[in-house]
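J.: 3D model of this:
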Amino acid sequence: MCTITRAKKWAGGATRLTVRKILAIISLIFPLFCAAAQDRGIKITAAETLGANAVIGKQWAVFIAIDRYREWSPLSNPVRDATEIRDILRQHYFIDEIIELYDSNATAANIRRLFADLQAKTGLDDSVFVFYAGHGYTDTVTKTGFWIPVDGGRDTFAQTNWLANIQIRNMLTVLPAKHVFLVADACFSGDILDTSRGASPEISNEYFKRAYSKVSRQVMTSGASESVPDASEFALRFKSTLRRAAEPCVDPEYIFTNVREVKSTQPLLGIIRGSEHQEGGSFLFFKRDGSASAVAGDAAQAPQPEANLLGTVVPEAPAVLPSKPDIPADLVLVNGGSFMFGSPNDETGRSSDEFQHRVTLDSFYLGKYEVTQGEYEALMGYNPSKNKGTSQNPVDSVTWFNAVEYCNRRSLQEGLKPVYTISGKNVSWDKTADGYRLPTEAEWEFACRAGTVTRYNTGDTITDTSAAFGARLPLPVGSFSPNALGLFDMHGNAGEWCWDWYGDYASRSETNPSGPATGSRKVQRGGTWKDSAAGLRLAKRVSANPSNSADSVGFRVCRSITKNA
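T.: From the prediction side, this is the model:
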C-alpha cells in the first residue's frame, strides 16, 4: 500500500504572496471555506488547546481504497480499513466533509479529478487528511514508486494508468490548505517522503499552538520500499490509536508512537519530499469531547448532507454521538426516501404481482455483501452450504428461520438488542430494537434500485460482466462492481430472503411497509446464479416456504436506525 502527502508553495516570493492574496479574496467571497469551522463545537476544543484566537478552517477527510482490481489480484482489506477509519473519525473527531473513492470508482482519472476539485475548494486555513489503501509498485529501473488505481494495467513497462508518487506529491502540492496529512497503506510507498526529522516533541498546549500555526505536509506509510501484507497490522494499530486517544488533539507523532511497533513492516513518518513543510508544523485531529456545550454547539450548526465531489452523498457526523459501538464497515447507509415500488405495466417480463405504487422509507443500514459461508460458520458453528467454494462464497441452503436466528445471534454477539422473538415457527419483530434483521421487500428493492427506474440497476439489460447468473456455481461475494450505493451482488449470485410474507401489494401509497400480517410463504429477491437474466429483474418476486432451503438462496443483514442505535 502507498502513502502520500501534499506540500504547498506557501512562503516567500512576490508571486506566491500574490497567489495567496487572490485565494484570500476568494475565501472572503465564499466564507464557508475559512469560517465554517469557527461556528461549530470544534472551537471549544480548539480554544482550550490552541487559545481563543486560533483560526480553524474546514476539516476534510479523503479515502481512496481498492479491493477489486480489473487486472491486479484482488485484496480483502483496503475498503474495510478505509471505511472503519472513516467511521471512527465521524464519531470521535470533528470532520466537515468526507470524500470517498472505492473500488470501481477509484480510477486514475477520478483520483486526478478528486485532487483538482480539492484544489478549487479547500481554503487557506483548511486541513486535509488523505488515506490510500491498495496496490503499490516500484519500478526497479527508475526507483519510482506508484499507486495502482483500479484501472491500472499489469504491464510493468507500459505502466498504464499508474500514478507515480511524484505525480501524487505534485497534486497535493497545489492544494491551498495549510495542513495536509497523507497516510498510505500500500507496497513500496516509502519513496514519497523524507524521514529526516527531529526527536519527538514534548506534547503540551504550547507545542500544539506552535505546530498548528505553521504549514505542515506530513506523510505516514505502512512500510518503506517493501511489500506490505493485505491483512494490515499497520491499519489495525492506526484504527486502535484513533479510537483510544484521550487528548483533545491528536497529531501524527502521537499516532506514530503506536503504529511504529508493527512487526511485519517498517512504518515511516516524515514530510512530503520536496515540500515547503515548515519545521515544527503539524496536522491535528480535533476530538469531540462529548460535553453538553460542545454537542449543543454542533447540533445548532450541523451542516446538511451534501454531494461529494464525485456525486456520492456523504452524511455528516451525527450531532449527538451514538451510545452503541461504531456501525460495522460491512454495512452501507441507505438514506431514506420515496420511490415507485414494483414495475410499470409495459416492462418486459413483468408479472401481475408487481403492482407499481409509491413507497416512502426511513433510512436504514444494509449489508454490503451477502452473508458469507465463513461468517455463517463462525457464528452458527456449521456451514449448511451445498456449494462449498471459498469462505467468501455466499452461504446457501439456509431456511428463512435459519436467517432470522443468525440475525439474533449476531445482535447478541455485538451487544445489541435482538430484533426477533422466536417461538417455534412464530417469529415477531420488535421494531424498537437496534439489532440485525432481514430487510423488508420494499427496503431490498429500494436499495437495489439505488435511484434507477430501469429493469436492472445496470439499465434495461444486464450481462455476465455485472452479475453471477446462468452459471454452474455461485461466485465469491463482491466479484462484480457494486451498485451506486456500494452494495454488491444485489442481482444474481445467491437469492435473498426478505422479512415479508408473500402477498399482493397495496393499491395505494405506503410508508415503511413490511408485508402482510400472516401468510404461508416468504419473499425472496434478487435472482440467483442459476437464473436467466429475466430472473434478475429488480421487481421480480419469488416466494418459498420459510422452512425450505435451496442451494441458490442465502440472505444479507439489515439494521434499523433507532434512537438508541
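
J.: Could you list the low-confidence segments of the chain?
T.: 1-41, 43-45, 47, 188-191, 195-203, 225-231, 289-326, 563-565 (pLDDT under 70).

J.: what domains does the record give for it?
T.: In terms of domains, the chain is parsed into 14-286, 373-560 (source: automatic domain parsing).

J.: what about the strands in the stretch 301-450 of the chain?
T.: For the stretch 301-450 of the chain, the strands defined by DSSP state E, counting those that start in this stretch occupy 306-307, 313-314, 331-334, 337-341, 357-361, 364-367, 420-423, 426-429, 436-437.

J.: related to what we said a few turns ago, and the domains of the chain as a markdown table, adding mean neighbour count and distance to Phe355?
T.: Backbone N, C-alpha and C define where each C-beta goes, glycine included. Putting the domains of the chain into a markdown table (neighbours: other Cβ atoms under 10 Å; distance: least, Cβ to Cβ, whole Å) gives the following:
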| stretch | mean neighbour count | distance to Phe355 |
| --- | --- | --- |
| domain 14-286 | 19 | 34 |
| domain 373-560 | 19 | 4 |
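
J.: would you list the ones you listed in JSON lines and tack on distance to Asp353?
T.: Formatted as JSON lines, the domains of the chain follow (distance: least, Cβ to Cβ, whole Å):
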{"stretch": "domain 14-286", "distance to Asp353": "33"}
{"stretch": "domain 373-560", "distance to Asp353": "6"}
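
J.: Relative to the whole chain's centre, how far out is stretch 552-565?
T.: How far stretch 552-565 lies from its chain's middle: 17 Å, per Cα atoms, centre = their mean, to the nearest Å.

J.: quick revisit: would you mind putting the strands of the stretch 301-450 of the chain into a markdown table with distance to Gly349 alongside?
T.: Listed next are these as a markdown table, based on distance: least, Cβ to Cβ, whole Å:
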| stretch | distance to Gly349 |
| --- | --- |
| strand 306-307 | 34 |
| strand 313-314 | 31 |
| strand 331-334 | 26 |
| strand 337-341 | 17 |
| strand 357-361 | 19 |
| strand 364-367 | 25 |
| strand 420-423 | 34 |
| strand 426-429 | 32 |
| strand 436-437 | 30 |
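
J.: Figure out which of these is closest to Arg559.
T.: strand 364-367 (4.3 Å; Cβ to Cβ).

J.: Run through who's touching that closest one.
T.: The contact list for strand 364-367 (Cβ atoms under 8 Å, 6 or more residues apart in numbering) reads 327, 330-334, 336, 439, 443, 447, 487, 556-561.

J.: try 6 Å this time
T.: 331-334, 443, 447, 556-560 (Cβ atoms under 6 Å, 6 or more residues apart in numbering).

J.: ditto for stretch 387-400
T.: So stretch 387-400 is in contact with 370-374, 376, 384-386, 473-474, 476-477, 493-494, 497, 522, 546-547, 549, 551, 554, going by Cβ under 6 Å, 6+ apart.

J.: what about 8 Å?
T.: By Cβ under 8 Å, 6+ apart, stretch 387-400 touches 369-377, 383-386, 406, 473-478, 489, 493-494, 497, 522, 544, 546-555.

J.: quick one: which of those residues sit in helices?
T.: 373-377, 406 (DSSP state H).

J.: For Ala544, list the residues it contacts.
T.: So Ala544 contacts 400, 521-522, 524, 550, 553 (Cβ under 8 Å, 6+ apart).

J.: show me where the stretch 251-400 of the chain has helices.
T.: 252-259, 292-301, 373-380, 400-413 (DSSP state H, counting those that start in this stretch).

J.: how far does the longest one sit from the chain's center?
T.: Going back to what we said before, that points to helix 400-413. 25 Å.

J.: ditto for the first one
T.: Taking the mean C-alpha point of helix 252-259 and that of its whole chain, the gap between them comes to 23 Å (Cα atoms, centre = their mean).

J.: Any idea which residue is closest to the centre of the chain?
T.: Thr83 (3.7 Å; Cα atoms, centre = their mean).

J.: beta partners of Lys287?
T.: Tyr93 (DSSP bridges).

J.: Would you mind measuring from it to Arg260?
T.: 22 Å (Cβ to Cβ, to the nearest Å).

J.: how close does the closest residue to Thr528 other than its chain neighbours sit to Arg169?
T.: Counting by Cβ to Cβ, 6 or more residues apart in numbering, Ser552 is the residue found nearest to Thr528 once chain neighbours are left out, at 3.8 Å. Taking Cβ to Cβ as the measure, Ser552 falls 50 Å from Arg169.

J.: Take stretch 363-383, keep the C-alpha atoms, and write them as CSV.
T.: Only the C-alpha atoms of stretch 363-383 are listed here, as CSV (Å, rounded to 0.1, in the frame of the first residue of the first chain):
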residue,chain,number,x,y,z
SER,A,363,-33.1,5.4,6.4
PHE,A,364,-31.5,2.0,7.3
TYR,A,365,-28.3,0.1,7.1
LEU,A,366,-27.9,-2.9,4.7
GLY,A,367,-25.2,-5.5,4.4
LYS,A,368,-22.6,-4.5,1.8
TYR,A,369,-22.4,-8.2,0.8
GLU,A,370,-24.5,-11.3,1.1
VAL,A,371,-23.6,-13.2,4.3
THR,A,372,-20.7,-15.5,3.5
GLN,A,373,-20.1,-19.1,4.4
GLY,A,374,-17.2,-18.1,6.6
GLU,A,375,-19.3,-15.6,8.5
TYR,A,376,-22.2,-18.0,9.0
GLU,A,377,-20.0,-20.8,10.2
ALA,A,378,-18.0,-18.6,12.6
LEU,A,379,-21.3,-17.5,14.3
MET,A,380,-23.5,-20.6,13.9
GLY,A,381,-20.9,-23.3,14.3
TYR,A,382,-21.6,-25.1,11.0
ASN,A,383,-21.8,-24.4,7.2
